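sequence first, predicted coordinates after that:
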Number of protein chains: 2
Amino acid sequence: MARTPAQKPAISDHLAYLLAQANREINRQLESHLRKEGVPVEQWRILTILSDGKGHSMGELADAVLLNHPTLTKTIDRMVSDALVYRVQDPTDRRRVLMHLSDRGKVLAKRLTSLAQRQEDHIIRSYGDKSTSELKRLLESLIDSTN
Amino acid sequence: MARTPAQKPAISDHLAYLLAQANREINRQLESHLRKEGVPVEQWRILTILSDGKGHSMGELADAVLLNHPTLTKTIDRMVSDALVYRVQDPTDRRRVLMHLSDRGKVLAKRLTSLAQRQEDHIIRSYGDKSTSELKRLLESLIDSTN
DNA sequence: GGGAAAACATTGAATGTTCAACCTTTGGCG
DNA sequence: CGCCAAAGGTTGAACATTCAATGTTTTCCC
């Protein structure tokens, strides 16, 4: 009697795998766009978050830019050396440090925004407007469902 | 005259950011499931790919498991030390090395498959069957569109 | 056939990340 | 008040990843 083949679980059926693959691909693309300014993706995220002009604590920042604390500390050390950002002690809570963009940081952030926008446009062109929005919507709701 | 506010580009509008965030979240989940066997996600991928019983070259594997070559070489070194996999020189092309699962590796792979499946089920329960399939479909097509 | 170029995998050094331990400051509460 | 636990951030050592360079083997092509 012919049984349906037991169909090995292909790894590409796993959401975890597809996400990792898509993320890798898109991240590569973004990297290659940001290469013009020689800035790593993580620093682009930091600069973008800080662009709102408010001071952000290290904890907030770490969450927002998807880095864990020690990694962020060291990344920020580098950016301070490059005079892109600076630390200010929070006057109302002296455990906390508030990060700010320097003038140099602001200028760079602006240039990066436009490079990142260029990537986004590129994706939309090759992948489609409709699909892109729909994918974003689903990702947001997936992220929500994990909290 | 009231202008619409210039709406700073929020980072969470970027597909690149949403993908990174979702990937991070789901990867964490998967990690915590695999923790029962103390195996990193990358090794789960390797074991799963090799589970088809065919020998895979390092190059193939690197692509399939989303690692670049030097990283894979070193990961495989560890797995060889743990007697999970072994190298065989390709008889038809002596530049290549074909990777195989050891018996120990096969046993572990089986256990991991069930842990990973448990995560997938968990996602489907909390996020929904429909959304999950739709998200997978969109991710696949995004990945396609980048090649 | 023979020599140059490409493909495959690995290596060592430089770089980046993580884990656990640490210091300081704050908040809670007896 | 005074103590102790928790929160915020940093550090140093262990670990993992990356980049460029290397050694083989194969392919191409004259």
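Done, it's in.

what does stretch A:121-130 contact?
A:I26, A:Q29, A:H33, A:T132, B:L15, B:S141, B:L142, B:S145, B:T146 (C-beta atoms under 8 Å, 6 or more residues apart in numbering or on different chains). All C-beta atoms are positioned from the backbone trio N, CA, C, and that covers glycine.

got a quick ChimeraX command for the buried subset of those?
Applied in ChimeraX, the following selects the buried portion of the contacts of stretch A:121-130 according to 16 or more other C-beta atoms under 10 Å in any protein chain shown:
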select /A:26,29,33,132 /B:15,142
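
in the strand or helix carrying A:A20, what's buried?
Secondary structure from DSSP states H and E places A:A20 in helix A:15-34. Under the neighbour-count criterion of 16+ other C-beta under 10 Å, helix A:15-34 has A:15-26, A:29-30, A:33-34 buried.

of all residues in chain A, which one is nearest the centre?
Centroid check for chain A by C-alpha atoms, centre = their mean gives A:R45 as the closest residue, at 5.0 Å.

the top helix by length along chain A vs helix A:15-34, what angle?
Identified as the longest helix of chain A according to DSSP state H is helix A:103-127. On the basis of axes from the mean of the first three to the mean of the last three C-alpha atoms, to 10 degrees, helix A:103-127 is oriented at 120 degrees to helix A:15-34.

quick check: what element follows helix A:103-127 along the chain?
Using DSSP H and E, the helix or strand that follows helix A:103-127 in sequence is helix A:129-145.

what about chain A, any weak spots by pLDDT?
Counting by pLDDT under 70, chain A has low-confidence residues at A:1-8.

spell out which residues of it are next to DNA strand D.
Residues of chain A lying near DNA strand D by C-beta under 7 Å from any atom of the strand: A:57-60, A:69-70, A:72-74, A:76-77, A:87, A:93, A:95-97.

go again with 6 Å.
Taking C-beta under 6 Å from any atom of the strand as the criterion, chain A approaches DNA strand D at residues A:S57, A:M58, A:G59, A:H69, A:P70, A:T73, A:R87, A:R95, A:R96, A:V97.

near DNA strand C, from those?
Contacts with DNA strand C within the residues of chain A next to DNA strand D, as defined by C-beta under 6 Å from any atom of the strand: A:P70, A:R95.

so which of the residues of chain A next to DNA strand D wins on neighbours?
Counting neighbours by other C-beta atoms under 10 Å in any protein chain shown, A:V97 comes out on top of the residues of chain A next to DNA strand D with 18 neighbours.

which residue packs closest to A:M58, ignoring adjacent ones?
Closest residue to A:M58 apart from its sequence neighbours, by C-beta to C-beta, 6 or more residues apart in numbering or on different chains: A:V97 at 5.6 Å.

cool, A:V88 as well?
In space, A:V88 is closest to A:L98, 4.8 Å off (C-beta to C-beta, 6+ apart).

show me what the helix or strand containing that neighbour is packed against.
Per DSSP H and E, A:L98 falls inside strand A:97-101. Judged by 3 or more C-beta pairs under 8 Å, 6 or more residues apart in numbering or on different chains; DSSP states H and E, strand A:97-101 is in contact with helix A:41-50, strand A:56-57, helix A:58-65, strand A:85-89.

direction included, what does the shortest one pair against?
With DSSP bridges as the test, strand A:56-57 is paired with strand A:97-101 (antiparallel).

pull the residues that contact the strand it pairs with.
A:46-47, A:50-51, A:53, A:55-58, A:61, A:76, A:84-90, A:109.

what's the answer for stretch A:12-29, then?
A:11, A:41, A:119, A:122-123, B:15-16, B:19-20, B:22-23, B:26-27, B:29-30, B:41, B:45, B:66, B:116, B:119-120, B:123, B:132, B:135-136, B:139-140, B:142-143, B:146.

rerun that using 6 Å as the cut-off
Here stretch A:12-29 makes contact (C-beta atoms under 6 Å, 6 or more residues apart in numbering or on different chains) with A:11, A:119, B:16, B:19-20, B:22-23, B:26, B:30, B:66, B:123, B:136, B:139, B:142-143, B:146.

out of the residues you listed, who's nearest B:S102?
Taking C-beta to C-beta as the measure, B:S102 lies nearest A:I11 of the contacts of stretch A:12-29, at 19.3 Å.
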